[in-house]
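The following comprises the amino acid sequence and a computationally predicted model.
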Amino acid sequence: QDELMKEYKVVVLGSGGVGKSALTLRYVQGLFLTRYNPTVEDFYRHHTRLDEEEVTVEILDTAGTEQYSSMHQLYIDHGQAFVLVYAIDNKQSFRDVEPLLNQILDMKKTRNYPIIVVGNKSDLEDLREVDREQAERTTKDLWLVPHIQTSAKEDYNVTEMFRRVLRMINSYQNKQ
Ligand code: GDP
Ligand code: MG
């Protein structure tokens, strides 16, 4: 049964502390992670229903390793979709997104791949450093990838974001 199930390979990338692990755990286990362990890298298998079908989602929750490391190349090779996370209260974390995006597109040898940019920690509106409209314009108009705001803490848009990623994989594969 398991072998027949469709599998999706999703890689979560972004600078340290933006909430990659918190988003992943929120989606997979429905929990909010408060303890911060920046070095942990984990791999999850999650079963869910997508459009009337039982599917398996493999999520690689990466640690904040160096940007151009060989580990990154392995992740990128492996991934069918990429979740590029920044935190809305950390301007530098948004700046860190573009080199990741470029590295993925270079390695996949394409201008178009299932990628989403995620502004996490939307509950920290008072501490916002990244202007929402500017971030949306940059990702949608300049990088041509969707942008979504999430809060792993408040469980806002997390499942929606991952489901959107799975649908992006489907439509990408249907076009190949
Ligand atoms: P990672 O290094 O990207 O995996 O970041 P973590 O998931 O470990 O989160 C880093 C810190 O940010 C932890 O203390 C989390 O509790 C906190 N955090 C993660 N997501 C959110 C969020 O949506 N809102 C708030 N307020 N804190 C968050
Ligand atoms: Mg982490």
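Yes, it's here. Numbering: from 1, shown residues only. Ligands and ions are numbered 1, 2, ... in the order given.

which residues touch the spatially closest residue to Val118 that is not a sequence neighbour?
Among residues not flanking Val118 along the chain, Val85 sits closest, at 4.7 Å (C-beta to C-beta, 6 or more residues apart in numbering). (Each C-beta comes from the backbone N, C-alpha and C, glycine too.) Neighbouring residues of Val85 by C-beta atoms under 8 Å, 6 or more residues apart in numbering: 12-14, 18-20, 23, 93, 118, 120.

Strands - which of these land there?
The members of those that map onto strands under DSSP state E are 12-14, 118, 120.

pLDDT averaged over stretch 46-64, what's the number?
The pLDDT scores in stretch 46-64 average 92.

coming back round to it: quick one, which of the ones in strands among the contacts of Val85 are buried?
With burial judged by 16 or more other C-beta atoms under 10 Å, the buried subset of these is 12-14, 118, 120.

Determine which two of the residues you listed are furthest apart.
Farthest pair in those (C-beta to C-beta) is Leu13 and Asn120. Separation: 12.4 Å.

returning to what we had before: now, among the buried ones among the ones in strands among the contacts of Val85, which is nearest to Ser70?
Leu13 (14.8 Å).

is it true that that closest one touches Leu101?
No - counting by C-beta atoms under 8 Å, Leu13 does not reach Leu101; the two are 9.4 Å apart.

Now do the shared contacts for these two.
Taking C-beta under 8 Å, 6+ apart as the criterion, Leu13 and Leu101 both touch Leu84.

picking that back up, which among the ones in strands among the contacts of Val85 are in contact with ligand 2?
By C-beta under 5 Å from the ion, no member of the ones in strands among the contacts of Val85 lies near ligand 2.

out of these, who's near ligand 1?
14, 120 (C-beta under 6 Å from any ligand atom).

from the ones in strands among the contacts of Val85, which is closest to Arg163?
Distances from Arg163 to the ones in strands among the contacts of Val85, taken by C-beta to C-beta, are shortest for Val118, at 13.2 Å.

which residues does that closest one contact?
14, 23, 83-86, 147-150, 161.

For it, give the beta-bridge partners.
On the basis of DSSP bridges, Val118 is bridged to Val85, Ile148.

Could you report the pLDDT at it?
For Val118, pLDDT reads 98.

can you put the contacts of Val118 in a markdown table and add pLDDT and distance to Tyr113?
Output for the contacts of Val118, formatted as a markdown table (pLDDT from 0 to 100; distance: C-beta to C-beta, whole Å):
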| residue | pLDDT | distance to Tyr113 |
| --- | --- | --- |
| Gly14 | 94 | 16 |
| Leu23 | 97 | 20 |
| Val83 | 98 | 12 |
| Leu84 | 98 | 11 |
| Val85 | 98 | 16 |
| Tyr86 | 98 | 18 |
| His147 | 98 | 15 |
| Ile148 | 98 | 17 |
| Gln149 | 98 | 21 |
| Thr150 | 98 | 20 |
| Met161 | 98 | 17 |
